[in-house]
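Q: mind looking at a prediction? Sequence and model below.
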Amino acid sequence: MAVHLFAGECIVFAIWSYIIITVKADDFCQIPGEYSEQSSENVDCQTYSNYRFRYILYDVNPPEGFNLRRDVYMRIARFVRKLSGEDGSWKLVLPPWTKLYHWQSADVGKQSQLPWRLFFDVASLQKFAPVVEMDEFLKEYDSTTIDEVFVLQHYKDAFKTGKWEEKYEIQPCVDEPRYRERADGGAGGFSGWFWGLPDVTARRVRCLSFHGHASQLQDTVQLHPHARTIMFDHAEVALHDAFGDRLYWMARRSMRFAPALRRIAAEFREEHLNSTDEADGTVRPDDWTAETAVTGTKGGPYLAVHLRRKDFVWGRPKEVPSVIGAAAQIKAHLDKLEMCAVFIATDAPEEEFEELKSHLTGYKVFHYRPSSAVKKRHKDGGIAIIDQIICSHARFFVGTYESTFSFRIQEEREILGFPPETTFNRLCGDGQKTCSKPSVWRIVF
């Protein structure tokens with residue numbers, strides 16, 4: 001690395017893989033630390049102690065689905081909760097939702113740069129961590145340039161040695177990042193994929209090999225006291241500090257769905273499934289922090305099934321049943337439960353769903369079909385959440401093997417206090433007389 005100091009400016013040229021970084025001192029200058037060989041002599045770097053807030057931003061590997069992204073949020077929210085708890089100066093910026101694999105409807109308008117408030121109650125999230133929507137952040141920050149971007153990546157040998165070790169270090173990029181140094185030399189230095197927002201840039205981008213829990217990101221933050229904004233890309237690389245403990249469930253309980261979605265699901269349950277919170281024993285306090293542990297919840301008089309198709313059909317062919325196989329298992333559950341109504345959440349094409357219904361004659365089969373107006377307003381993500389809410393209130397739930405969609409429903413049912421035997425169930429693949437049960441993760445208060 002070569003360092004050149006000139007009167008009035010500090011220009012640092014550093015090479016990590018193919019990335020060349022140029023920074024002007026009157027805007028920003030790196031504080032010497034573990035990631036730098038730069039001498040502190042003659043360096044007058046600006047810090048942000050005069051600002052009320054600093055910000056953590058993050059993004060996730062593009063192919064990851066909606067429900068995995070919810071899990072990554074919990075990891076980062078817990079990290080920022082602790083970080084902000086020290087002096088109250090940090091906020092977590094909620095990354096806008098961009099078009100995902102399962103959001104394939106062509107009749108709902110734009111499905112990118114969607115705010116979290118479309119799907120979640122942001123005021124509820126804020127009772128666990130100091131979160132802020134992207135549009136609000138850009139107003140508060142009054143800039144579109146992020147100070148530091150760290151692209152998290154696995155160590156090359158991370159899964160070979162079998163040895164657990166918390167570690168991290170700046171290394172050459174294993175994969176090509178989504179950012180490029182601006183050829184025009186414009187403000188910000190780097191442009192690229194920032195949630196599809198065209199005006200956002202970064203002053204510096206580096207790859208950070210990382211093996212450990214999300215709380216370890218705090219070390220990186222502390223090594224950059226000059227940075228008012230720090231972004232972690234590929235945040236899914238950082239692990240949960242503790243999976244299933246009290247703080248995990250506090251974060252999870254704070255993720256209440258948007259009131260409009262809860263209202264639509266409640267109306268559907270009452271109209272079609274003879275199900276209300278009062279009758280089913282699923283009334284919750286308005287404030288999740290006032291919740292207490294409940295057990296033995298009854299639920300609505302219907303069976304709920306999540307039947308994952310599409311990519312799971314070829315990705316897990318031995319574990320996912322055929323349409324006929326799924327119908328046979330649904331019949332068996334309905335007969336055992338002495339119920340006649342089943343609600344089915346599925347990504348199956350319409351013709352497959354109609355085939356499934358044809359094998360369930362004599363039973364009441366329900367599937368949520370939104371009006372055009374509801375679909376355009378709440379998008380594919382909102383419709384999926386309505387499905388999850390309806391499934392979470394059923395007397396008995398059966399999910400799909402290794403589906404995070406099913407897992408999120410199981411979590412909702414744990415919060416509502418359903419017996420585990422009515423929650424942790426799955427459809428078996430064709431030819432399997434018995435199949436392994438889903439992992440049982442009980443709620444902790």
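A: Here it is on my side, so go on. What you are looking at is a predicted structure, and each value in this text was computed from that prediction instead of being measured. Residues are numbered from 1 along each chain as shown.

Q: residue ranges with poor pLDDT in the chain?
A: 1-50, 158-159, 185-188 (pLDDT under 70).

Q: show me the contacts for Ala341.
A: Leu273, Asn274, Pro301, Tyr302, Leu303, Tyr363, Lys364, Phe366 (Cβ atoms under 8 Å, 6 or more residues apart in numbering). For every residue, glycine as well, the C-beta is placed using N, CA and C.

Q: tell me where the stretch 151-300 of the chain has strands.
A: 167-170, 179-181, 190-192, 201-211, 229-233, 300-307 (DSSP state E, counting those that start in this stretch).

Q: check which helices and strands the third one sits against.
A: The contact analysis (3 or more Cβ pairs under 8 Å, 6 or more residues apart in numbering; DSSP states H and E) places strand 190-192 against strand 179-181, strand 201-211.

Q: how many residues are close by Leu197?
A: 17 (other Cβ atoms under 10 Å).

Q: can you map out the helices along this protein?
A: 66-87, 122-125, 134-141, 217-222, 246-254, 259-273, 277-280, 311-315, 323-337, 350-358, 372-392, 404-416 (DSSP state H).

Q: can you put these in JSON lines and add distance to Thr289 and mean neighbour count?
A: Formatted as JSON lines, these follow (distance: least, Cβ to Cβ, whole Å; neighbours: other Cβ atoms under 10 Å):
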{"stretch": "helix 66-87", "distance to Thr289": "13", "mean neighbour count": "19"}
{"stretch": "helix 122-125", "distance to Thr289": "9", "mean neighbour count": "18"}
{"stretch": "helix 134-141", "distance to Thr289": "23", "mean neighbour count": "16"}
{"stretch": "helix 217-222", "distance to Thr289": "25", "mean neighbour count": "17"}
{"stretch": "helix 246-254", "distance to Thr289": "8", "mean neighbour count": "19"}
{"stretch": "helix 259-273", "distance to Thr289": "17", "mean neighbour count": "17"}
{"stretch": "helix 277-280", "distance to Thr289": "19", "mean neighbour count": "14"}
{"stretch": "helix 311-315", "distance to Thr289": "36", "mean neighbour count": "13"}
{"stretch": "helix 323-337", "distance to Thr289": "34", "mean neighbour count": "17"}
{"stretch": "helix 350-358", "distance to Thr289": "39", "mean neighbour count": "15"}
{"stretch": "helix 372-392", "distance to Thr289": "20", "mean neighbour count": "20"}
{"stretch": "helix 404-416", "distance to Thr289": "13", "mean neighbour count": "23"}
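
Q: mind putting the ones you listed into JSON lines with distance to Gly429?
A: Formatted as JSON lines, the helices of the chain follow (distance: least, Cβ to Cβ, whole Å):
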{"stretch": "helix 66-87", "distance to Gly429": "21"}
{"stretch": "helix 122-125", "distance to Gly429": "37"}
{"stretch": "helix 134-141", "distance to Gly429": "41"}
{"stretch": "helix 217-222", "distance to Gly429": "39"}
{"stretch": "helix 246-254", "distance to Gly429": "29"}
{"stretch": "helix 259-273", "distance to Gly429": "28"}
{"stretch": "helix 277-280", "distance to Gly429": "31"}
{"stretch": "helix 311-315", "distance to Gly429": "11"}
{"stretch": "helix 323-337", "distance to Gly429": "7"}
{"stretch": "helix 350-358", "distance to Gly429": "16"}
{"stretch": "helix 372-392", "distance to Gly429": "21"}
{"stretch": "helix 404-416", "distance to Gly429": "15"}
